[in-house]
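1. below: sequence and its predicted model.
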Amino acid sequence: MAAASISEAARRRRQIERTLYLAPSIAFLLIFIVLPYLAVFRMSFNTFSPMRLFVESFTFDNYVGVLSDPYYYSLIFRTLLLGTTVTLATLVLGLPLALKIAASGRRMKSLLMALVLSPLLINLVVRTYAWLVVLGDKGLINEFLLGTDLAASPIRLTGSFFSVWLGLTHITLPLMVLSLVGVLEKLDRRVFEAATSLGAGEWFILRRVTLPLVMPGIGAGALLVFCFTVSAFITPALLGGSRVGTVSTVIFEKFTYSMNWPVGSALVFVLLIINMGVIWLHGRIFGEHA
């Protein structure tokens, strides 16, 4: 009985210690994430008023309007299409680079990792403006086309789905590469040596050995890239302008220009539900549990 009491007391003491360790993190999450989300969630049920911004009420009209308007359907579809295509592009571009990094020696690996991480060391706004310099009417591409007489007038490259896709692919590529490298470096190289000794070619090894083993990295990278892309604001706003709206850019417009806070709040939670759905789907596919 005495031993059991001592064991129970020790267990309770450890629980209290763990709670105290987590208390600062829990307090931070409650104050800076949970409470603002609750405020925005409450706002999404209010009624828009041109004179008073909003009227305290409890109505589902904002959600009904968002989910029944063809404009918002096209907006959500464009956002999902952007997230899906950017994720696929980063996977296609990032996998060969990750394989090269994982198979390289120490010096080459350090150099390649520095190149991969270099975009993350530059401010997001600066990186996006760099693409405006490249894609603008007087940018590098148009100057080259005009200088070589390949085009008679500047080609509009900004303000298009392609320019937003290109900018987001460049920005999110390091996230995919880092996720893949983290998994590839943990793989046992003897597995690939065994496949080679049994006569397997490079493509067979890639399809039947590498890809199945690296799926956790693909899943983690895809989740990071997709959620970042569908929630991105700066890049779609600068490279897409008013021509390529996404859920995030319209949320900004609702809270600033049109001052329709209730509908903007409803869009916030539509975007949140999309991200949570993707996280749930990721857990189902890769056998992870929340």
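-> Looks like it came in fine.
2. quick one: neighbours of Met215, just the number.
-> By other CB atoms under 10 Å, 13 other residues sit near Met215. Glycine gets a C-beta too; all of them are placed from N, C-alpha and C.
3. change the start of the numbering to 665 and stick with it
-> In the new numbering, first residue 665, that becomes Met879.
4. distance-wise, check it relative to Val873.
-> Shown here: Met879 relative to Val873, a distance of 12 Å by CB to CB, to the nearest Å.
5. again, but for His834
-> On the measure of CB to CB, His834 and Val873 end up 30 Å apart.
6. and Arg682, by the same measure?
-> 41 Å.
7. quick one: which of the two has more around it?
-> Counted by other CB under 10 Å, Arg682 and Val873 do not tie: Val873 has more neighbours, with 17 against 10.
8. confirm for me that that one is in contact with Ala859.
-> Yes - with contact defined as CB atoms under 8 Å, Val873 counts as touching Ala859 (5.2 Å).
9. contacts only, for the residue nearest the centre of the chain.
-> With distances taken as CA atoms, centre = their mean, Phe892 lies nearest the centre of the chain, 1.7 Å away. Residues in contact with Phe892, defined by CB atoms under 8 Å, 6 or more residues apart in numbering, are 835-836, 839.
10. who wins for neighbours among the residues you listed?
-> Busiest of the contacts of Phe892 [other CB under 10 Å] is Thr836, holding 26 neighbours.
11. which SSE is the residue lying closest to it once chain neighbours are set aside in?
-> The spatial neighbour of Thr836 that comes closest, neighbours along the chain excluded (CB to CB, 6 or more residues apart in numbering), is Val889 at 4.5 Å. If you go by DSSP states H and E, Val889 is part of helix 875-895.
12. and the average pLDDT for the helix or strand following that helix is what?
-> Going down the chain from helix 875-895, the next helix or strand is helix 898-899, by DSSP H and E. Taken as a whole, helix 898-899 has a mean pLDDT of 92.
13. now what about helix 898-899, what contacts it?
-> Here helix 898-899 makes contact (CB under 8 Å, 6+ apart) with 788-789, 792, 828, 831-832, 835.
14. most widely separated two among these?
-> Val789 and Val828 (14.9 Å; CB to CB).
15. in the longest helix anywhere in the chain, which residues are buried?
-> Ranked by residue count under DSSP state H, the longest helix found in the chain is helix 734-767. Buried residues in helix 734-767, counting neighbours by 16 or more other CB atoms under 10 Å, are found at 736, 739-740, 742-744, 746-747, 750-751, 753-755, 758-759, 761-763, 765-766.
16. gap between Ala762 and Leu842?
-> From Ala762 across to Leu842, the span is 8 Å (CB to CB).
17. would you list the phi and psi of Ser721?
-> Phi and psi for Ser721, reported as degrees, to the nearest 10, are phi -160, psi -170.
18. count of neighbours near it?
-> Other residues lying near Ser721 total 11 when counted by other CB under 10 Å.
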